[in-house]
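In: The amino acid sequence is not available; the structure is as follows:
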């Protein structure tokens, strides 16, 4: 029966439901290869081979493999500690009363959910006002207890965008702005800690929710993977048929929100969401992923093959 040791001298198992009795004889069906329905020792991993290499993210599959080998524990990195806050006088937390021209903060909660999916230990620092001194103090305090400080809003060129200046005041800025859309105003830097010789990394994301999602996927996610000791892998883009015309600037990478559908000829095509705004959150909830248009491309037409990135691979 299933799980029993192979009897001495045997090498093949016929399933009981596939055979029949003919008096005292057992009739076996034809076509079965030698060694069928057996699990020889070492078929999964030969003795002495490498099972799990360093830099591998522990997943349900890798945990199953370790357990199958009788391993009761493995050495892992501690969780990356990430501080998250939003900036802006115009946003308030859900549940608080809305004032004139205010809106609820969605970025903070999206970022926390994305970070926890990646195994990070997250601290919610709330919403900071548009005040350089307050932001500078918050950055300095957060650096003492976190590996990464992640913000949204305040990194563009507006008069009330104080995050970039605050980073330069208490630390150093590594780069500012990326040639992507949505998500151009991204800042990265280092904030020294109160503890000697230590520092926290800083990433400032845009204020619009769709830009936050896109830049998290392409900047924060791989960076966090490295901080955790794992090896980042570029998400696999799948070729799909384009169902929309689109024009863009050369020299800039763009990400178009699309839903997938099956065509009558059996192909899979990408349908662009009707609203482009970087603040339209339903353009994320009503689509399946992003079409990535590289810098050299200036236009696509219906019928062209484009690269599709599923949200399942970007979160």
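Out: In hand now; what should we look at? Remember, it's a predicted structure, so these values are computed and weren't measured experimentally.

In: Can you pull out the low-pLDDT segments for the stretch 101-250 of the chain?
Out: 156-160, 194-196 (pLDDT under 70).

In: where exactly do the helices run in this structure?
Out: 60-68, 107-117, 132-143, 163-170, 209-215, 221-227, 282-285, 311-314 (DSSP state H).

In: For residue 296, which of these is the nearest?
Out: helix 209-215 (19.4 Å; Cβ to Cβ). C-beta: built from backbone N, CA, C; applies to glycine.

In: Please name every helix or strand in contact with the closest one.
Out: Under the contact criterion of 3 or more Cβ pairs under 8 Å, 6 or more residues apart in numbering; DSSP states H and E, helix 209-215 touches helix 107-117, strand 199-205, helix 282-285.

In: Pick the most buried one from these.
Out: strand 199-205 (a mean of 24; mean count of other Cβ atoms under 10 Å).

In: So for whichever strand in the chain runs longest, what gets flagged as buried?
Out: In the chain, taking DSSP state E as the definition, the longest strand is strand 253-262. Judged by neighbour count (16 or more other Cβ atoms under 10 Å), strand 253-262 contains these buried residues: 253, 254, 255, 256, 257, 258, 260.

In: how close does the fourth one get to residue 58?
Out: Yep, that's residue 256 we're talking about. 34 Å (Cβ to Cβ, to the nearest Å).

In: circling back to that earlier point, per-residue confidence averaged over the longest strand of the chain?
Out: Averaged across strand 253-262, the pLDDT comes to 97.

In: neighbouring strands for it, and are they parallel or not?
Out: strand 180-181 (parallel), strand 268-272 (antiparallel), strand 289-293 (antiparallel) (DSSP bridges).

In: Can you tell me which of these is nearest to residue 309?
Out: strand 289-293 (4.8 Å).

In: How far off centre is that closest one?
Out: Here strand 289-293 is found 15 Å from its chain centre; the criterion is Cα atoms, centre = their mean, to the nearest Å.

In: before we move on, what about stretch 66-75?
Out: Going by Cα atoms, centre = their mean, where stretch 66-75 is centred and where its chain is centred differ by 26 Å.

In: now the end-to-end length of it.
Out: Stretch 66-75 has an end-to-end distance of 12 Å (Cα to Cα, to the nearest Å).

In: got the buried residues for it?
Out: residue 66.

In: how far does stretch 47-65 sit from the chain's center?
Out: That offset, for stretch 47-65, works out to 20 Å (Cα atoms, centre = their mean).

In: Residues contacting it, please?
Out: 45, 66, 69, 74, 76, 119, 225, 228, 229, 230, 231 (Cβ atoms under 8 Å, 6 or more residues apart in numbering).

In: From one end of that stretch to the other, what's the distance?
Out: In stretch 47-65, first residue to last residue: 14 Å (Cα to Cα).

In: Repeat that for stretch 94-108.
Out: End to end - Cα to Cα - stretch 94-108 spans 11 Å.

In: Show me which positions of that stretch end up buried.
Out: Per 16+ other Cβ under 10 Å, stretch 94-108 contains these buried residues: 105, 106, 107, 108.

In: Reformat those residues as a markdown table; add distance to residue 198.
Out: Output for those, formatted as a markdown table (distance: Cβ to Cβ, whole Å):
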| residue | distance to residue 198 |
| --- | --- |
| 105 | 30 |
| 106 | 32 |
| 107 | 27 |
| 108 | 25 |
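
In: wait, which of those is closest to residue 178?
Out: Nearest member of these to residue 178, counting by Cβ to Cβ, is residue 107, at 17.4 Å.

In: Distance from stretch 307-315 to the middle of the chain?
Out: Taking mean C-alpha positions (Cα atoms, centre = their mean), stretch 307-315 and its chain are 8 Å apart.

In: Can you give me the buried ones in that stretch?
Out: Result for stretch 307-315 [16+ other Cβ under 10 Å]: buried residues 307, 308, 309, 313, 314.

In: ok now do the second one, which residues does it touch?
Out: Residues counted as contacts of residue 308 (Cβ under 8 Å, 6+ apart) are 237, 238, 239, 240, 258, 260, 270, 289, 290, 291, 292.

In: returning to that earlier point: looking at the helices of the chain, which is closest to residue 297?
Out: helix 209-215 (17.0 Å).

In: What lies in contact with that closest one?
Out: Under Cβ under 8 Å, 6+ apart, the answer for helix 209-215 is 106-107, 110-111, 114, 152, 178, 180, 182-184, 186, 205-206, 255, 257, 277-281, 283-284, 290, 314.

In: about what we covered before: which of the strands paired with strand 253-262 sits most buried?
Out: Comparing the strands paired with strand 253-262 by mean neighbour count (mean count of other Cβ under 10 Å), strand 289-293 ranks first with a mean of 23.
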